[in-house]
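A.B. asks: got a sequence here, can you build the structure:
(2 chains)
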Amino acid sequence: MNRIDSRQLFSILLLSGAWSMICLPQLYGGGQLLGVAAAFGVQVFLCLPLFRKSASRTAEVLRYKWLGWAFVVFFLLWGGRSLLLLHRAVPPQLLQNPGHLTAAILLLLTCLYTGTAGLKATARCAPLMLVLLGISAAVLIVGAWKRMDAGRLTLRGDGFREGFSAYAALSGELPAAWVLLRRCKEKAGKAIGGYLLGKLLLCLLLLVLCMTAGGRLTAEADYPVFTLTMLSQPLQGQRADALYILAFVMLCVMHLTLLTGVTAHLLEQMYPKIRAAAAWALTVMLLLACMLPENCLAASAALVPVLLLAAPVTAAVQKLQRRAAA
Amino acid sequence: MEYETRPLPPVLAEQLAVMRQIADGSADLLVDTVTVGGIPCALVTCEGMLSTATTAEMVIEPLTAIPAMPGSSALFAHIRKNLLLSLDRPTARNYGDLFRLVHSGFAVLLAEGQTEALAFGVQGYDKRGVNEPSGEANLSGAHEGFTEAVRTNMSLIRRRMKTPLLKFEMHIMGKLSHTDVCLCYMTDRVPPQLLRQIREALGACQLDTILSPGYLQPFLEQKNNRLFDSVSTTERPDVLVSKLLEGRVAVLIDGNPFALVIPKLFIESFQTLDDYSYKPYYATFLRWVKYAAFLLTLLLPAVYVAVSLHHPELLNRTLLLLLTEAEAEEPLSLPLEAIGALLMYEVIREAGLRLPKVVGGAVSIVGGIIIGDAAVASGLISTPMLTVVALSVTAGFIVPDLTPVVSVLRLLFIVAGGLWGLFGIGLLGMAVVYCLCKTEDFGFPVTAPLSPVYSLRDVVTREGFRKMQYGGFTVEEYYEQN
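C.D. replies: Predicted coordinates:
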């Protein structure tokens, strides 16, 4: 695989995170703003090893099979969770034409192709897709502008715990950052910092828009961002859902491709003779989505801190062992 | 071939006998025996490949004026040292070289007792003159395009780049055709690994003949089953020079007026020489018109079909009523209508291209006016659909470089849009973007400088030359280490 530059790393992580954000449940309440901010602080703390200049060297410990497998298992679980989320969260009207089953099959076929294209193609694709995300965000803001009521925005209220857990769950990309870091030798810390900040700003933007523009409608919705896109229409005579559908599809493909890509990359590195690793990874994700209960898949988020710290701890232990041997 | 490495025997009669045997009575091989400086010699030429006036004046006259020589070695030494019969004077030591030189328009002198032959470059075959390129017209640039003669093309490039850093490297390719293939690059700017890999790729080509760039292109593209080209072509010497300055390698093929350029960037499909003649603001405006035209030509019919069939809520009331009324009487479904109209266009385009120019105009009239008008009048195709297809096709003329890709993808997008609406278009769009992103050759991604992101000063805008003159750019910046 070729190297990944910092802009590509930033774009991949942010786009993947953006898709998870679209599927966030219960994005409403002043207390959530504080919860999100607190979760952001925890994520930054957990990511500190990623900011070090020697992080890409530290990431080399992923060549150990036990650690590689731990990451692979997490990515498979997280992928399964994403597929389940796709099934649960997406409103029927968004996929009314193909229908949920056809849509899932088409999506998986596309991901099969994009996944086999490799991480290099994903990295190159990401900055291009980031433009689409920017345009969608701009249209969302313009559309929501007319409905916005600043009076609904308050920092008081419940939701600290929900905000914290919702934002903490938006962390599936962070272990992927360790894998990608091995190919991103320059300014990786800047890219990861940018991603964390970008994700926070995007989450706050959605939260503020849901509260001020969506009002009670988004407060009562299971997946408020989808409700917000239906409300946010910048033109009077025409609807802008087309753009949101395109953005949703493309973000979803990016998210699943990233998970498939990093899994395949780790498997190929551990077992160089393996063939069609991306296809296998996607198949296992699908099976996990079908077989495992939702709670079990969602609980995989708890593995994130463990995995984030596993690489630097292993590297430190290795260093100590080398010193002792010397 | 067996004869290619066969050395020339010292006896002239035997030399000529073997030559005649290999040529097998070919009508264009001319062998004139003559005594030069008292030594029996033969002047071998190929009819129609050399200038008879030049040969008579520059070769035959001086040769016949040579005084008596003690032997053939002395004769050849005298010719080499004292006579400048032509500027290009190679030597042939076997029949392979001898025939290659004769068939390339050289006059070859054989002498009794010599195991080598002297050749004089007096080529003078008929060739097309330098004309305006047919496919890359521009308003304010030069009106010279490449011709079929590789030497003429080399001179067209050299006239624009007089530095010794510009290098032409001649290769002979094609087991039977012995086609001259010229690698062209700037020695100070070309990435060495690119040059090495291109030489290796050309070395792997064992074709009998090289008749067009399409013969060599698959060898220069590391993976051939890709949708997007990673090798570009141009028939303009000025465009080629600008690409050489960016560290690229060009391949000129004798007998073809197109040069292959490696590596290609996707964004180049939207750049023309005229962009650099206009003021930056207008060039930038035109650049964005081209981007929009590309999206329009690729997606307009598909989006029209998808929105009309699956997402009518995206249309305003007036437009919805208009389209409903227009489509109500149509016998075919919208996707079929769109595919039919586009296929009809492709047929008319191909017919216009292959027929003689005189008849080509008639095809346009029949296709454009009669069939188009009749199709609407008979109710086979609705007016809005014809308008959409016409708009899409016209927009495609702005980016002719992408015509093959667009023609196929446009149909696929219509199918995806017709079956699954915008969701299908989104998925196919993603697959296409991935396909584009994974295209690379020799470590150079076609998506640069968009991704990996580099300077966008000639992509998002077109900066003025006052700024562009600094920070000399070469494609090496885009090289991604494997």
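
A.B. asks: give me the residue ranges of the chain where confidence is low.
C.D. replies: Picked chain A for this. A:1-2, A:27-28, A:91-98, A:155-157 (pLDDT under 70).

A.B. asks: switch to chain B, that's the one I care about
C.D. replies: For chain B (pLDDT under 70), the answer is B:1, B:224, B:471-472, B:481-482.

A.B. asks: now the strands for it?
C.D. replies: With DSSP state E as the criterion, chain B has strands at B:29-36, B:39-46, B:91-92, B:106-111, B:117-121, B:166-173, B:179-186, B:232-234, B:249-253, B:259-262, B:440-441, B:444-445.

A.B. asks: select, out of these, the one closest to chain A.
C.D. replies: When the strands of chain B are compared by Cβ to the nearest Cβ, strand B:444-445 sits nearest chain A, at 6.0 Å. To be clear about C-beta, it is placed using only N, CA and C from the backbone, and glycine gets the same treatment.

A.B. asks: that closest one: partners in the sheet, and parallel or antiparallel?
C.D. replies: Partner strands for strand B:444-445, per DSSP bridges, with pairing direction: strand B:440-441 (antiparallel).

A.B. asks: which outside residues touch the partner strand?
C.D. replies: B:220-223, B:230-231, B:262-263, B:446, B:480 (Cβ atoms under 8 Å, 6 or more residues apart in numbering or on different chains).

A.B. asks: are any of those buried, and if so which?
C.D. replies: B:220-221, B:230-231, B:262-263, B:446, B:480 (16 or more other Cβ atoms under 10 Å in any protein chain shown).

A.B. asks: got those as JSON lines, with distance to residue B:184 columns?
C.D. replies: Formatted as JSON lines, the buried ones among the contacts of strand B:440-441 follow (distance: Cβ to Cβ, whole Å):
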{"residue": "B:220", "distance to residue B:184": "14"}
{"residue": "B:221", "distance to residue B:184": "19"}
{"residue": "B:230", "distance to residue B:184": "18"}
{"residue": "B:231", "distance to residue B:184": "14"}
{"residue": "B:262", "distance to residue B:184": "11"}
{"residue": "B:263", "distance to residue B:184": "15"}
{"residue": "B:446", "distance to residue B:184": "21"}
{"residue": "B:480", "distance to residue B:184": "24"}
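
A.B. asks: off-centre distance for the longest helix anywhere in chain A?
C.D. replies: In chain A, taking DSSP state H as the definition, the longest helix is helix A:100-145. Relative to its chain's centre, helix A:100-145 lies at 12 Å (Cα atoms, centre = their mean, to the nearest Å).

A.B. asks: same deal with stretch B:410-424?
C.D. replies: On Cα atoms, centre = their mean, the centre of stretch B:410-424 falls 33 Å from the chain's centre.

A.B. asks: only alpha carbons, please: show that stretch as PDB.
C.D. replies: What follows is stretch B:410-424, C-alpha atoms only, in PDB (Å, rounded to 0.1, in the frame of the first residue of the first chain):
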ATOM      1  CA  ARG B 410     -24.100   7.600 -18.800                       C
ATOM      2  CA  LEU B 411     -26.100   4.500 -19.800                       C
ATOM      3  CA  LEU B 412     -25.200   2.700 -16.600                       C
ATOM      4  CA  PHE B 413     -26.200   5.700 -14.500                       C
ATOM      5  CA  ILE B 414     -29.600   5.700 -16.400                       C
ATOM      6  CA  VAL B 415     -30.100   2.100 -15.500                       C
ATOM      7  CA  ALA B 416     -29.200   2.600 -11.900                       C
ATOM      8  CA  GLY B 417     -31.300   5.800 -11.600                       C
ATOM      9  CA  GLY B 418     -34.200   4.100 -13.400                       C
ATOM     10  CA  LEU B 419     -34.100   1.000 -11.100                       C
ATOM     11  CA  TRP B 420     -33.200   2.400  -7.700                       C
ATOM     12  CA  GLY B 421     -33.500   6.200  -8.000                       C
ATOM     13  CA  LEU B 422     -30.900   8.500  -6.500                       C
ATOM     14  CA  PHE B 423     -29.800   5.800  -4.200                       C
ATOM     15  CA  GLY B 424     -28.600   3.800  -7.200                       C
END
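
A.B. asks: how about residues contacting that stretch?
C.D. replies: A:94-95, A:97-98, A:102-103, A:106, A:242, A:245-246, A:249, B:297-299, B:301-303, B:305-307, B:309-311, B:333-335, B:338-339, B:342-343, B:392, B:425, B:427-429.

A.B. asks: please spell out the ChimeraX selection for the buried subset of the residues you listed.
C.D. replies: Burial among these is assessed by 16+ other Cβ under 10 Å; the matching ChimeraX selection reads:
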select /A:94,95,97,98,103,106,242,245,246,249 /B:297,298,299,301,302,303,305,306,307,309,310,311,334,335,338,339,342,392,425,427,428,429
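
A.B. asks: show me the contacts of stretch B:410-424 that map onto helices.
C.D. replies: Those of the contacts of stretch B:410-424 lying in helices (DSSP H): A:102-103, A:106, A:242, A:245-246, A:249, B:297-299, B:301-303, B:305-307, B:309-310, B:334-335, B:338-339, B:342-343, B:392, B:425, B:427-429.

A.B. asks: which bits of chain B sit near chain A?
C.D. replies: B:303, B:307, B:310-311, B:313-317, B:419-427, B:429-431, B:433-435, B:437-438, B:443, B:445, B:447, B:450-453, B:480-482 (Cβ under 8 Å from any Cβ of the partner chain).

A.B. asks: separate out the buried members of those.
C.D. replies: B:303, B:307, B:310-311, B:314-315, B:419-427, B:429-431, B:433-435, B:437-438, B:443, B:445, B:447, B:450-453, B:480.
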